[in-house]
Each structure stands twice: as structure tokens, then as C-alpha cells.
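**Q** Turn this into a model:
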Amino acid sequence: MRLTPAQIDTIKSTAQAVLGEGAQVTLFGSRVDDDKKGGDVDLMVEVDQAVAEPALMAARMASRVSRAMHGRKVDVLLKAPNLLEQPIHRIAQQEGVRL
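**A** Sure, this is the predicted structure:
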């Protein structure tokens, strides 16, 4: 996994701040592979409660993490009871690493 401990802490604390204490974060995509270089940060954030404004919450989380990582591109995928599960959610769960 190509994230530093400080970056992991930032991601987790940001998820908690934006989406609540129970938010669980999974890193997926190219950053999971130690042999690759560069790439954006793909995160799936899972919560137990409904998310009223999912696009706003995902954008808020992505922008905060991006700023903390000096402008690195961050994509945030939300998983919540009121959101339709897509194939990308299954890929993130199967290939990702829980932070």
C-alpha cells in the first residue's frame, strides 16, 4: 500500500469528521499496489446510516484529503444503506485494503 501512516491517519480522521464516528475507509485502485507509481487515491467510505447529501459529502471528503496530501487527486465512493450499490463497490471490497 502506497500511503504513509500520517496519510492514513488523515484519511481516517477526515472520514470521521465528515461522515461520523462509524465511517470505515477502504483504499482501492492503484495505490494498493506497491509496484506501481503515482496515481490518484481511491477511497470507499462505508457508513451505517443514510447519507442525505452523498455528492456533497463525497466532494467534501475528497477536497479535504486532497488538500492534506498537497493536491493529490482523491476519489471518494460512498457506501450507505440509502445508496444504490454499484459494481465498483464490490471491486473496492474485494481488491481494497481497509484503513
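**Q** What sits closest to I8 if chain neighbours are left out?
**A** L99 (5.2 Å; C-beta to C-beta, 6 or more residues apart in numbering). All C-beta atoms are positioned from the backbone trio N, CA, C, and that covers glycine.
**Q** hang on, I meant G22
**A** D48 (5.4 Å).
**Q** Check A80 too.
**A** Per C-beta to C-beta, 6+ apart, closest to A80 is V51, 4.4 Å.
**Q** just the helices in this structure please.
**A** Secondary structure of the chain (DSSP state H): helices located at 5-19, 54-68, 87-95.
**Q** for the residue nearest to A80, what are its contacts?
**A** L19, M57, L78, A80, N82, L83 (C-beta atoms under 8 Å, 6 or more residues apart in numbering).
**Q** Compare these and tell me which is most surrounded.
**A** Ranked by neighbour count (other C-beta atoms under 10 Å), the contacts of V51 have L19 at the top, with 24 neighbours.
**Q** any idea how far it is from A59?
**A** 12 Å (C-beta to C-beta, to the nearest Å).
**Q** do the same with Q86
**A** Distance of Q86 to A59, computed by C-beta to C-beta: 18 Å.
**Q** now swap in A68 and tell me
**A** 15 Å.
**Q** Which of those two has more residues huddled nearby?
**A** Remark: of A68 and A59, A68 carries more neighbours, 17 against 13, as counted by other C-beta under 10 Å.
**Q** For the closest residue to that one other than its chain neighbours, which residues are in contact?
**A** Among residues not flanking A68 along the chain, T10 sits closest, at 4.7 Å (C-beta to C-beta, 6+ apart). Contact analysis of T10 by C-beta under 8 Å, 6+ apart lists V65, A68, M69.
**Q** make it 10 Å
**A** T10 sits next to L3, T4, R64, V65, R67, A68, M69 when contact means C-beta atoms under 10 Å, 6 or more residues apart in numbering.
**Q** Show me what the most centrally placed residue in the chain is bridged to.
**A** By C-alpha atoms, centre = their mean, the chain has its centre lying nearest to L43, at 2.3 Å. Under DSSP bridges, the beta-bridge partners of L43 are L27, V76.
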